[in-house]
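# I'd like to go over a predicted model; first the sequence, then the structure.
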Amino acid sequence: MDLALHIDGEWITDRDTLPVINPATEEVVAHLPLATPADLDRAVAAAARASHTWRGTPIADRTRILLKAADLLVSRADRVARAMTLEQGKPLAEARGEVLRVAGALRWDAEDARRAYGRIIPSAADTVLSVRHEPVGPVAAFTPWNFPAGSPMRKLAGALSAGCSIVIKASEETPGTAVEIVRCFAEAGLPAGAVNLVFGDPASVSRQLIAAPQIRMVAFTGSIPVGKLLAGQAGNRMKPCLMELGGHAPVIVCADADPVQAARKAAAAKFANAGQVCTSPSRFLVHESLWAPFLAEFTAAAERVVVGNGLATGTTMGPLANARRLEAMTELVDDAVEHGAKLVLGGERLDRPGYFFPPTVLTDVPEHARVMREEPFGPIAPIVAFTDLDDALRIANSLPYGLAAYGFTRSSKTAEKLITGFEAGILSINHCGGSVHEAPSGGVKQSGWGREGGPEGVEAYLITKRVSHLLAD
């Protein structure tokens with residue numbers, strides 16, 4: 001895995017390094033160079049210069065370059081996927097699927113930017129009143145480790161398609177995927193400085209980049225506490241933010257749902273990426289009449305999950321990304337059991353090298369247990385029964401999070417009650433759908449500001465300018 005910083009069109013390797021650990025083996029697979037403060041200043045200056053070049057590039061030429069980058073990424077999908085599995089752990093097929101999806105997202109945004117229309121407004125006879133959309137300017141972006149391709153590409157595709165330059169700090173735990181993606185942009189002909197990729201101490205890097213006067217916008221995906229910190233730093237400088245933060249997605253299985261189908265779909269979503277997904281279903285509220293069959297099928301599905309090295313044939317769930325997540329899983333399970341929950345399946349780290357934690361099922365979990373209040377971000381599923389749908393919605397909405405929610409019902413009337421009742425920015429009925437290129441994703445309450453995906457994903461990086469043009473004689 002060849003790792004480097006990318007600043008002003010140059011690949012840089014001769015810096016102090018940080019080891020990159022394979023979470024399936026706990027072995028060092030690469031060494032990551034870290035940016036110095038001078039490197040960050042140079043990246044910001046490069047982005048500021050390139051901003052004028054890139055925004056002035058005709059939209060047809062911008063689109064051609066971005067589509068070429070997408071084609072390069074598809075042609076390298078196997079190589080990029082292997083790098084992702086080595087550094088993040090997810091099964092190779094899952095990693096390859098992620099690479100192909102983000103290439104599709106780039107294509108969507110590149111084409112959709114052609115439709116960032118303004119408008120002419122009827123006005124006085126001697127005045128042309130118009131509304132125009134322009135790039136916000138250089139962007140500072142920060143992305144996490146759980147989707148090493150998905151999270152960076154959402155920022156890169158939206159910003160570049162809108163005509164913005166960008167300085168992106170991808171995760172130091174999963175840098176190889178981001179490096180491969182940026183290589184595609186560079187080789188596709190993106191102007192030097194339009195994309196700058198840096199790594200370093202997260203707190204120091206974010207503080208310096210956000211404070212830089214040339215940076216006009218901040219985009220972040222990650223935890224709520226860090227999001228609040230970065231939003232505060234940006235707010236002090238009146239810089240707009242795009243924040244995709246954590247959640248604790250409830251699942252309500254109504255009395256008229258098919259419990260077997262609901263359990264199978266919910267389990268498949270729960271254990272994807274070892275539960276390390278912001279939108280992962282993580283609180284299961286099942287009507288008491290369906291609780292027993294749902295639990296039986298969900299547990300059976302969990303038992304069928306094959307936990308192992310993502311490079312091994314047959315693996316369907318890889319390790320957790322780091323040792324911190326292992327400790328967090330153990331604490332949540334222990335707390336739930338101490339509060340009266342029943343451990344049905346899993347619950348302990350697997351006795352082997354690597355950060356492996358099995359699919360875990362808990363029942364009879366009280367509302368005040370930590371796992372019902374804190375996003376587990378791992379393969380833990382608390383399943384509880386309810387008798388009244390209004391009470392289930394109360395529990396679902398009782399937390400300060402509102403990213404995703406899921407409901408299962410065979411009644412259109414009940415479905416509408418779920419749709420209007422859930423407090424969430426992303427809602428799926430009768431399935432556990434993931435992100436799609438053509439529609440927006442984002443949260444409400446403390447789960448974030450703004451949207452990624454769909455037309456909104458490009459609009460986030462545009463400013464609206466009102467122009468009143470008094471015609472000359």
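Structure received.
# C-alpha only now, for contacts and for neighbours.
OK.
# which SS state does the closest residue in space to Pro144 that isn't next to it in sequence fall under?
Leaving out its chain neighbours, the residue that sits closest to Pro144 by CA to CA, 6 or more residues apart in numbering is Ser171, at 5.2 Å. Assigned by DSSP: H, G, I helix; E, B strand; the rest coil, the conformation of Ser171 is coil.
# same question, Ile252
Secondary structure, three-state DSSP: Ile252 is strand.
# And for it, the neighbour number?
Counted by other CA atoms under 10 Å, the residues lying close to Ile252 total 27.
# isn't it right up against Tyr406?
Yes: counting by CA atoms under 8 Å, Ile252 does reach Tyr406; the two are 6.4 Å apart.
# Now list whatever residues contact both of these two.
Common contact partners of Ile252 and Tyr406 (CA atoms under 8 Å, 6 or more residues apart in numbering): none.
# Please, which helix or strand holds Val384?
Under the criterion of DSSP states H and E, Val384 resides in strand 380-386.
# residues contacting the residue nearest to Pro144?
Listed by CA under 8 Å, 6+ apart, the contact partners of Ser171 are Phe142, Thr143, Pro144, Trp145, Pro148, Phe199.
# Just the ones of these in strands?
Judged by DSSP state E, strands contain the following of the contacts of Ser171: Phe142.
# Check the contacts of Ser171 and tell me the two furthest apart.
Farthest-apart pair in the contacts of Ser171 is Pro148 and Phe199; separation 13.6 Å (CA to CA).
# Overlap in contacts, these two.
Common neighbours of Pro148 and Phe199, using CA under 8 Å, 6+ apart, are Ala170, Ser171.
# So those two - more neighbours on which side?
In this view Pro148 and Phe199 are compared by other CA under 10 Å, and Pro148 has more residues nearby, 28 against 25.
# can you confirm Glu456 is in a helix?
Yes: using three-state DSSP, the secondary structure at Glu456 is a helix.
# Distance check, it against Ala424.
Using CA to CA, to the nearest Å, we find Glu456 at a distance of 17 Å from Ala424.
# State the number of residues packed around Ala268.
Neighbours of Ala268 using other CA under 10 Å come to 16.
# just the strands in the stretch 201-350 of the chain please.
Ranges of strands in the stretch 201-350 of the chain, per DSSP state E, counting those that start in this stretch, are 217-221, 241-244, 249-253, 281-287, 342-345.
# Looking at those strands, which is nearest to Gly314?
Per CA to CA, nearest to Gly314 of the strands of the stretch 201-350 of the chain: strand 342-345, 21.1 Å.
# Partner strands of the closest one, with direction?
Sheet pairing of strand 342-345 (DSSP bridges) gives strand 360-363 (antiparallel).
# average pLDDT across the strand it pairs with?
For strand 360-363, mean pLDDT rounds to 98.
# residue ranges with poor pLDDT in the chain?
Applying pLDDT under 70 to the chain flags no residue at all.
# Outline the domain layout of it.
Domains of the chain are assigned by automatic domain parsing as 5-245+447-469, 249-437.
# Show me how far the last one is from its chain's centre.
Think domain 249-437. Remark: domain 249-437 is offset 18 Å from the chain centroid, using CA atoms, centre = their mean, to the nearest Å.
# What count of nearby residues applies to Arg264?
Residues near Arg264, counting by other CA under 10 Å, number 19.
# For it, give its distance to Pro225.
Taking CA to CA, one finds Arg264 at 33 Å from Pro225.
# Could you do Ile12 as well?
32 Å.
# And His52, by the same measure?
34 Å.
# Have a look at these two and say which one is more surrounded.
His52 (17 against 12).
# Check for me that the more buried one belongs to a helix.
Yes: the assignment for His52 is a helix, going by three-state DSSP.
# need the contact list for it.
So His52 contacts nothing (CA under 8 Å, 6+ apart).
# before we move on, what about Ala263?
Per CA under 8 Å, 6+ apart, neighbours of Ala263: Phe294, Leu295, Glu297, Phe298, Ala301.
# Which positions within the longest helix seen in the chain qualify as buried?
Criterion DSSP state H: the longest helix present in the chain is helix 92-112. Within helix 92-112, the residues scored as buried using 16 or more other CA atoms under 10 Å are 92-96, 98-112.
# Tell me where the stretch 101-250 of the chain has helices.
Ranges of helices within the stretch 101-250 of the chain are 150-162, 175-188, 202-211, 224-235, based on DSSP state H, counting those that start in this stretch.
# Next: the stretch 351-473 of the chain.
Using DSSP H, counting those that start in this stretch, the helices found in the stretch 351-473 of the chain span residues 370-373, 389-396, 412-421, 454-459.
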